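1. Provided below for reference: sequence and predicted model.
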Amino acid sequence: MPRTDDRLPGIDHPFSDPSLLAEALTHRSRSNRNNERLEFLGDAVLNFVIAADLYHQRPDDDEGSLSRLRSRVVRGETLARVAKRLKLGDYLLMGEGELKSGGYLRPSILADALEAVLGAVYLDAGFDAAKRVIREIFAPVMHDLPDAESLKDPKTRLQEWLQGRGRPLPVYELVAEEGAEHAKRFTVICRLEDSGFQAEATGTSRRKAEQAAAESVLSSGEAGRP
């Protein structure tokens, strides 16, 4: 469905000032008057609305859990997925080079454009209008949110598991670093000192290798054995 000057398909908001919508859809490759400032504003409004809704919807979750859930909703990957569902890339105004390289499909550009549109709605009609639009387009995301505990990274989950049982913290040891500078692979061992059990994993960074090794320990069931 083609976009009209004052409305974007999938977003139930007719713009009183259509120039705001045009600006929100304009990438910096197209014009100096682009959507970057609106993106900054939309990011702030989105974060507040999602944080407030999570606060009321999850009264038993602590600050850490709420932060993880909010991050899950407002991360670039989620924003890009919502933007694709709205077919936002079909309406972006881009420079010829960016257009030819497929910029309208790039997740980071789609995520930024979505935030810019939300910023434009806020400027056009105020906070209540922006909140209504955010709640409408993010309803599927909010409905499908996992339990906050499952969003903890493997190292944190392993540490909390061991601490809760009075056991020593795991030890991580880098045992190999291979490959060219731009394509390094790191191999790490995660060892449980009190049981001697260890798991090895490889990743494109030391942090990723440590997370993978911790996940291996958790998956093995050995974390629960003293």
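-> That came in fine, so what should we check first? Numbering: from 1, shown residues only.

2. so what's Asp5 up against?
-> Remark: with contacts taken as CB atoms under 8 Å, 6 or more residues apart in numbering, Asp5 is in contact with Pro18, Leu21, Ala22. Using the backbone N, CA and C atoms, a C-beta is placed for each residue, glycine as well.

3. Identify the spatial nearest neighbour of the second one, chain neighbours not counted.
-> I take that to be Leu21. Nearest residue to Leu21 in three dimensions, chain neighbours excluded: Phe15, at 4.8 Å (CB to CB, 6 or more residues apart in numbering).

4. The one you found is in contact with Ala120, isn't it?
-> Yes: the pair Phe15 / Ala120 is scored as a contact, 7.3 Å apart, by CB atoms under 8 Å.

5. what is in contact with those two at once?
-> Listed contacts common to Phe15 and Ala120 are Leu21; contacts here mean CB under 8 Å, 6+ apart.

6. Doesn't the residue nearest to Leu21 lie inside a helix?
-> No: counting by DSSP: H, G, I helix; E, B strand; the rest coil, Phe15 is not found in a helix; it is coil.

7. how many other residues sit next to it?
-> Counted with other CB atoms under 10 Å, the neighbours of Phe15 add up to 22.

8. pLDDT score assigned to it?
-> Model confidence at Phe15, expressed as pLDDT, equals 96.

9. so where is this structure shaky, pLDDT-wise?
-> 1-4, 150, 222-226 (pLDDT under 70).

10. With Ser219 as the reference, measure out to the residue most central in space within it.
-> Relative to the mean C-alpha position of the chain, the nearest C-alpha, by CA atoms, centre = their mean, is the one of Arg75, at 1.7 Å. To Ser219, Arg75 is 24 Å away according to CB to CB, to the nearest Å.

11. Okay, domains of this protein per the record?
-> Using automatic domain parsing, the domain parsing of the chain gives 18-146, 152-224.
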